[in-house]
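> following is a predicted model, sequence given first.
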Amino acid sequence: MNAYGAADLARAFRTVRKNTIQIADEIPADKYDFRPAEGSMSVAETLKHIAISTTWPIEAHSQRLTAMTFDMFGKVHARMAQAEAELKTKSDIVNALVTNGEKFAAFLEGLTDEVLSETVSFPPETHQPPKTRFEMLLSSKEHEMHHRGQLMVIERMLGIVPHLTRQMQERIAAMQQKQAAQSA
């Protein structure tokens, strides 16, 4: 049994997705084409990628695949690219973040410790050791956090203070006020 189980994975993922959605909401639609550097993904491309990226783990782990192949990755990337292309507007992207995020969290909640502990292998050429489904599903959250960090830097570049930073600043200001009041 895992000390951190399916319900924990789902709860943590929902928190991550909630923060991603807030960033998607706060960046103006006219800035969705912004690219921080040549060759990097735009805001829209990053958010589309995040929104669609949870569809593959549901597919792979619903089928209880025990081995990944290179062929699978090509097919998955083609389907993901097609799904991303269908998201045209900020509203489409935010709706996909909400819908696909909740679908993934609900999927996670339904997994048993037995399923989470199953091992999946990778092609030898990848030099990846086998991983448990738990590790692979946890990496979906880590993947989103990686891209969300990029989006927070982009927010700064656009003159937006990220909401998590604003919340921390508010907590610090409240603590300082409390300390000042106690010292007076």
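All right, it came through fine. Numbering: from 1, shown residues only.

> for the host helix or strand of His147, packing partners?
Assigned by DSSP states H and E, His147 belongs to helix 133-157. Contact analysis of helix 133-157 by 3 or more Cβ pairs under 8 Å, 6 or more residues apart in numbering; DSSP states H and E lists helix 6-26, helix 43-53, helix 55-62, helix 113-117, strand 119-120 as its packing neighbours. Glycine gets a C-beta too; all of them are placed from N, C-alpha and C.

> what's the closest of the ones you listed to Glu155?
Proximity to Glu155 (Cβ to Cβ) singles out helix 6-26 among those, at 6.6 Å.

> show me what the closest one is packed against.
With contacts defined as 3+ Cβ pairs under 8 Å, 6+ apart, the packing partners of helix 6-26 are helix 43-53, helix 90-109, helix 133-157, helix 163-183.

> a markdown table please, covering those and showing mean neighbour count, mean pLDDT and distance to Thr126.
Shown next, in a markdown table, are these (neighbours: other Cβ atoms under 10 Å; pLDDT from 0 to 100; distance: least, Cβ to Cβ, whole Å):
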| stretch | mean neighbour count | mean pLDDT | distance to Thr126 |
| --- | --- | --- | --- |
| helix 43-53 | 23 | 98 | 19 |
| helix 90-109 | 18 | 98 | 24 |
| helix 133-157 | 17 | 96 | 13 |
| helix 163-183 | 10 | 93 | 34 |
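
> quick one, which of the ones you listed is nearest to Glu84?
It is, among these and with distance given as Cβ to Cβ, helix 43-53, at 4.2 Å.
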